[in-house]
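Colleague: how would this look folded up:
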Amino acid sequence: MAYQTINPYTEEFVKAFPEHTDEQLEAVLAQARETFQNAWSLRPLAERKAIVKKAASIMREKRDEFAKPITLEMGKLFREAQGEVDLSADILDYYADNAEKFLVPEKLAVDEGEAVVENAPLGVIFCIEPWNFPYYQLARVAGPNLMVGNTLVVKHAPNVPQCALAFEKLLLDAGAPAGAYTNVFLSNEQAAAAVADKRVKGVALTGSERAGAAVASEAGNALKKSTMELGGSDAFIVLDDADMDTAVKWGLWGRMNNTGQCCVAAKRFILDEKIADTFLDRFKKELEKLVPGDPMDANTTMGPLCTVGALNLVQKQIRDAIQGGARVMMGGKRLGRPGYFLEPTILTDIKADNPAYYQEFFAPVALIFRVKNEEEAVKLANDSPYGLGGSVITKDIERGKRIARQIETGMVFINRATWTAPDLPFGGVKNSGYGRELSDLGIGEFVNKKLIRVA
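Modeller: Numbering: from 1, shown residues only. Okay, here's the model as predicted:
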């Protein structure tokens, strides 16, 4: 597995990073375990808080310095990269400020004596994280687990190695001891060995459905607790009473944020037939206004895809969709310029026997479906192997809530696109995985809910 920086805007190779040897991995796991047992888990919560707060402060002070590697390595628009740095700092602050409240022991009502449930750390947590939000994904696991007293060994995506190293250095600079948070450049085989290692007590993965199935199986074989966030194909339902300004605004943002490379994103546009033509006309015009170019340029409104592999994959998906009967309303091709750019694309006439019907498109591709009523909208939204997020656009909030309760996902947003915040639980059902990150739920995933009973 090649850990290297390739600029997706210029297609130029920048730098390669060697993988850890088996001996280095052994040393990392040993240190993570030693730090957990004899240092980090024993520190008062206030001391852990000070370090995590310091990390958040450093991110804010050096916002642009942290944002530039995101844009360099995966092509995110620089202003979006700056926003990701802010969000990551917010997550670290959130857990530093709220961990004490989240971890307070729970006293149980018993007939005699005392009974209390305490939250004890588990130990070393092994994390496998993706490239599309290079710091945010790390903050989601680092904030809660460091505050609870766990230590982390983290395998980041091969195309964002500089971001991986920057986050590791961030925590060391903030005062975390060596072994509290360690980045590793591993092969898949080494990652499997880490999952199975007896010193690892939990496994967290954000990634593809295929990766999740493999790692969940490995964790299950080793009897390890795991959490899986595996992507999705969110429905963006626009009802017949929708405010069209709201629908178009959030439909555009929900599909094009991060150049369409989001787990939670508007991917399947389910439109009531009474407003479908109006929405599509306006949505298409907005897509046509997008300006591809240098993601560091403030005038650019659409960046490249992250890698040539991602570009090739979505081009194949589009070809297969067309062969299956889909119609290209706009786009569908690679832009004739350097960089891994795809034209903003709209696909229509997608039937259930089309391979695109059940696929996730991790690119600026919108799949369009027309329905006669809200019952058909709900049925279509649920006809998916995924269940991560979703949106309902309607002027009738109670109607939106009613429909939201029927959609089989972990998250539903009414009158906006799916998104994330430190205090909102993040996670899905079905093939989108299991477990939750963020909010008070996120800090409870890798703890030992220990009962202490006094007779």
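Colleague: Wait, F341 touches L335, no?
Modeller: Yes. Shown here, F341 and L335 form a contact pair, counting by CB atoms under 8 Å, at 3.9 Å. Every C-beta, even on glycine, is put in place using the N, C-alpha and C of the backbone.
Colleague: Those two: which has the busier surroundings?
Modeller: F341 (22 against 16; other CB atoms under 10 Å).
Colleague: who touches the more buried one in this structure?
Modeller: With contact taken as CB atoms under 8 Å, 6 or more residues apart in numbering, F341 is in contact with 292, 302, 304-305, 311, 334-335.
Colleague: rerun that using 10 Å as the cut-off
Modeller: Residues counted as contacts of F341 (CB atoms under 10 Å, 6 or more residues apart in numbering) are 8-9, 75, 259, 292-293, 302-305, 311, 333-335, 364.
Colleague: what does G113 give?
Modeller: Counting by CB under 10 Å, 6+ apart, G113 has contacts 453-455.
Colleague: Top of these by number of neighbours, please.
Modeller: For those, the largest number of neighbours (other CB under 10 Å) sits with R453, at 11 neighbours.
Colleague: So that residue is in contact with D111, correct?
Modeller: No. Applying CB atoms under 10 Å as the test, R453 and D111 come out as separate, 11.7 Å apart.
Colleague: show me where the chain has helices.
Modeller: Along the chain, counting by DSSP state H, helices occupy 22-38, 45-61, 63-74, 78-102, 136-148, 161-173, 188-196, 209-221, 244-256, 276-288, 308-323, 374-382, 397-406, 439-443.
Colleague: any chance of these in JSON lines, plus distance to G428?
Modeller: Formatted as JSON lines, the helices of the chain follow (distance: least, CB to CB, whole Å):
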{"stretch": "helix 22-38", "distance to G428": "29"}
{"stretch": "helix 45-61", "distance to G428": "27"}
{"stretch": "helix 63-74", "distance to G428": "23"}
{"stretch": "helix 78-102", "distance to G428": "19"}
{"stretch": "helix 136-148", "distance to G428": "14"}
{"stretch": "helix 161-173", "distance to G428": "24"}
{"stretch": "helix 188-196", "distance to G428": "21"}
{"stretch": "helix 209-221", "distance to G428": "11"}
{"stretch": "helix 244-256", "distance to G428": "16"}
{"stretch": "helix 276-288", "distance to G428": "25"}
{"stretch": "helix 308-323", "distance to G428": "21"}
{"stretch": "helix 374-382", "distance to G428": "13"}
{"stretch": "helix 397-406", "distance to G428": "14"}
{"stretch": "helix 439-443", "distance to G428": "13"}
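Colleague: tell me the most buried of those helices?
Modeller: Highest mean neighbour count among the helices of the chain (mean count of other CB atoms under 10 Å): helix 136-148, with a mean of 27.
Colleague: Could you check how far G410 is from L138?
Modeller: Using CB to CB, to the nearest Å, one gets 21 Å for the distance from G410 to L138.
Colleague: which residues touch R436?
Modeller: Counting by CB under 10 Å, 6+ apart, R436 touches 227, 229, 410-411, 424-428, 442-445.
Colleague: any idea of the pLDDT on it?
Modeller: The model reports R436 with a pLDDT of 98.
Colleague: Quick check: chain neighbours aside, which residue is closest to it?
Modeller: Distances taken as CB to CB, 6 or more residues apart in numbering put G427 closest to R436, at 4.0 Å, once the chain neighbours are dropped.
Colleague: Determine the number of other residues adjacent to the one you found.
Modeller: Around G427 there are 26 other residues, counting by other CB under 10 Å.
Colleague: May I have the phi/psi pair for it?
Modeller: When read as degrees, to the nearest 10, the backbone of G427 gives phi 160, psi 170.
Colleague: Same question for P8.
Modeller: Here is the backbone geometry of P8 (degrees, to the nearest 10): phi -70, psi -10.
Colleague: Show me the beta-bridge partners of G433.
Modeller: Counting by DSSP bridges, G433 forms beta bridges with E229.
Colleague: Apologies, that question was intended for V392.
Modeller: Bridge pairing for V392 - DSSP bridges - gives I237, I414.
Colleague: Surely it is in contact with F413?
Modeller: Yes. Between V392 and F413 there is a contact at 7.7 Å, judged by CB under 10 Å.
Colleague: higher neighbour count, the two?
Modeller: The neighbour comparison of V392 against F413 (other CB under 10 Å) goes to V392, with 30 against 21.
Colleague: quick one: that one from N132, how far?
Modeller: For V392, the distance to N132 - CB to CB - is 25 Å.
Colleague: try A242
Modeller: Using CB to CB, A242 is found at 28 Å from N132.
Colleague: swap in V52?
Modeller: Note on V52: its distance to N132, by CB to CB, is 24 Å.
Colleague: One more: C263?
Modeller: 8 Å.
Colleague: what's the overlap in contacts for the two?
Modeller: Counting by CB under 10 Å, 6+ apart, the shared contacts of C263 and N132 are 206-207, 231, 362.
Colleague: Setting aside sequence neighbours, what's the nearest residue to G123?
Modeller: Sequence neighbours aside, K201 is the residue nearest to G123 in space, at 3.8 Å (criterion: CB to CB, 6+ apart).
Colleague: From what I see, the one you found and A194 are in contact.
Modeller: No. In this structure, K201 is not within contact of A194 by CB under 10 Å, at 11.8 Å.
Colleague: Can you work out which residues contact both of those two?
Modeller: With CB under 10 Å, 6+ apart, K201 and A194 have common neighbours 124, 126.
Colleague: Please tell me how far V264 sits from M329.
Modeller: Distance from V264 to M329, by CB to CB: 24 Å.
Colleague: which of those two has more neighbours?
Modeller: Neighbours were counted for V264 and for M329 using other CB under 10 Å; V264 has more, 26 against 17.
Colleague: can I assume that one is in contact with L388?
Modeller: Yes. Assessed by CB under 10 Å, V264 is found in contact with L388 at 5.8 Å.
Colleague: Which neighbours do these two have in common?
Modeller: Contacts common to V264 and L388, judged by CB under 10 Å, 6+ apart, are 229, 231-232, 234, 409-411, 418, 426, 428, 432.
Colleague: Least confident of those residues?
Modeller: Ranked by pLDDT, the shared contacts of V264 and L388 bottom out at G231, which scores 89.
Colleague: Quick check, pLDDT for the nearest residue in space to it that is not next to it in sequence.
Modeller: Using CB to CB, 6+ apart and skipping residues adjacent in sequence, the residue nearest G231 is C263, 4.8 Å away. The per-residue pLDDT reported for C263 equals 94.
Colleague: how near is C263 to M411?
Modeller: Applying CB to CB, the value for C263 to M411 is 11 Å.
Colleague: again, but for I70
Modeller: Separation of I70 from M411 (CB to CB): 24 Å.
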